[in-house]
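S.K.: Dropping a prediction and its sequence here:
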Amino acid sequence: MDQGLIYSSPLTDTITNKINTLDSLENSSFDNNNWVIPKVKTIVYNRNEGLRITALDFNLNRYNNSPISLNLSLGYRSSKEDLIGRATLQVSFLKNRLITIYTSGFKESKTDDDYRLPIIENTWANILGKKDYYDRWDEKGFITGISAQISRLRIKGEFTKATQSTLPVDTNVWSLFNRNSKTRISPLVQNNDIEYFLALAEYKTAAYLPHITGFYFLSKLEIITKQDNQFLSQPILRNFNMLIGNLRLIDGVVLRNRFLLGMSYLGDDKLSEFRYFSAGGLGSVSAFNYKAQKGTNMNQYNAELIFTEDFTKNKFIIKLFYDAGFASNNFLKDNINNSELAMEILQSAGIGFGWASFVGLDLGFNFAKQLISDSAIETTIRLNYNF
């Protein structure tokens, strides 16, 4: 239970009038409304907000027959005893609403760690093991933006004017196990008036699923022009990229790869520490401490070789995995030889067993160990693939 018990549920918001399951999953994952404003989960539990319930979340657009849409969401956080939410007005143009202009006012928590594991998994980790794999801060302000969808490519650009603040830890947060373990402190965020531009691009092949050949690409670029209540003479550029590729080698054998690249440049010496990239821990490099390394730059590689039920001819799967990652304040360090660099790269490998469904892993057990060290073997209960 060191890493908590992780849970992942399959997609449920599929289009009911589609007969083919792949088509149904495809339409769900490419919902344009969810792209403009990411849909919030009804119930979330974590060390900062306690129990977060979004009781109100609806979209007014004449049953999807109007190009003008008003989205409203309202939630309550038990730890802070306050309300959060978002109001968004969007207008779509052209055939199939390929272009959307939108504006939004919001108050909500933000994180850079959602690539590590889905939010529902993190909720179960908090409930069962008092483990939280997101660092968060509060943000409230206004957004205006434009989005476009060209075939399978989706892009959007936004301007945000907001105030950021620390989201303190609730020391009385409840969990089923590990109740006496200490919760990780939150990053320190001074009340910070900030302005930034965001460019986001995403491409996904048809019916992107773990056991099907395909790939997914995401690139996110932030241009921060105002920070710490003052405009910057040189803007800060924060860039995060993720590429996931699945290759079906033969029937029942799938090779999955994930590449992550994070960079901060131009005014990188001014990048706030709570926005640093990291390496280590669940969703990054297994068998290492959470965020064992931090810095303004990061690169990471994860691989899984999955032997499915079609290969094992039993009702279980086997997977072999390898993780590697490195985070620092200098992308290419001076005066460092290859052997020293190899020692700084976090590496681990392991084996996993589990039972899978069509869209994901139902239950699994991972055994991982650090490479180039004599550390103990880490055992993790998983209800999701490594990525």
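M.R.: Okay, I see it.
S.K.: got any ranges where this structure has weak pLDDT?
M.R.: 1-33, 267-269, 331-343, 358-360 (pLDDT under 70).
S.K.: how about the most centrally placed residue in it, secondary structure?
M.R.: The chain has Asp114 as the residue nearest its centroid, 2.1 Å off, counting by CA atoms, centre = their mean. The three-state assignment at Asp114 reads coil, by DSSP: H, G, I helix; E, B strand; the rest coil.
S.K.: again, but for Thr100
M.R.: Here Thr100 is recorded as strand under three-state DSSP.
S.K.: Give me the neighbour count for it.
M.R.: Counted with other CB atoms under 10 Å, residues neighbouring Thr100 total 22. The C-beta positions use only the backbone N, C-alpha and C, and glycine is treated the same way.
S.K.: show me what contacts it?
M.R.: Contacts for Thr100 (CB atoms under 8 Å, 6 or more residues apart in numbering) come out as Asn32, Val36, Gln90, Val91, Ser92, Phe93, Ile146, Ser147, Ala148.
S.K.: which residues does it bridge with?
M.R.: With beta bridges defined as DSSP bridges, Thr100 has these partners: Ser92, Ser147.
S.K.: What distance do you get for it to Ser92?
M.R.: 5 Å (CB to CB, to the nearest Å).
S.K.: Can you name every helix or strand that the top strand by length along the chain contacts?
M.R.: Using DSSP state E, we find that the single longest strand of the chain is strand 230-250. Using 3 or more CB pairs under 8 Å, 6 or more residues apart in numbering; DSSP states H and E, the elements in contact with strand 230-250 are strand 214-227, strand 253-266.
S.K.: Format these as JSON lines; extra columns: mean neighbour count.
M.R.: Below are the helices and strands packed on strand 230-250 laid out as JSON lines (neighbours: other CB atoms under 10 Å):
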{"stretch": "strand 214-227", "mean neighbour count": "17"}
{"stretch": "strand 253-266", "mean neighbour count": "18"}
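S.K.: Pipe those into a markdown table and attach distance to Lys294 per row.
M.R.: Listed next are the helices and strands packed on strand 230-250 as a markdown table, based on distance: least, CB to CB, whole Å:
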| stretch | distance to Lys294 |
| --- | --- |
| strand 214-227 | 18 |
| strand 253-266 | 11 |
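S.K.: Figure out which of those is closest to Gln370.
M.R.: Closest to Gln370 of those is strand 253-266 (CB to CB; 19.1 Å).
S.K.: ok, that closest one: who's next to it in the sheet?
M.R.: Strands that pair with strand 253-266, judged by DSSP bridges, come out as strand 230-250 (antiparallel), strand 297-307 (antiparallel).
S.K.: any idea which of those is most buried?
M.R.: strand 297-307 (a mean of 20; mean count of other CB atoms under 10 Å).
S.K.: contacting residues around the helix or strand following that strand?
M.R.: Following strand 297-307 in sequence order, the next helix or strand is helix 309-312 (DSSP states H and E). With contact meaning CB under 8 Å, 6+ apart, helix 309-312 is reached by Asp251, Gly252, Val253, Lys315, Phe316, Ile317, Ile318, Ala356.
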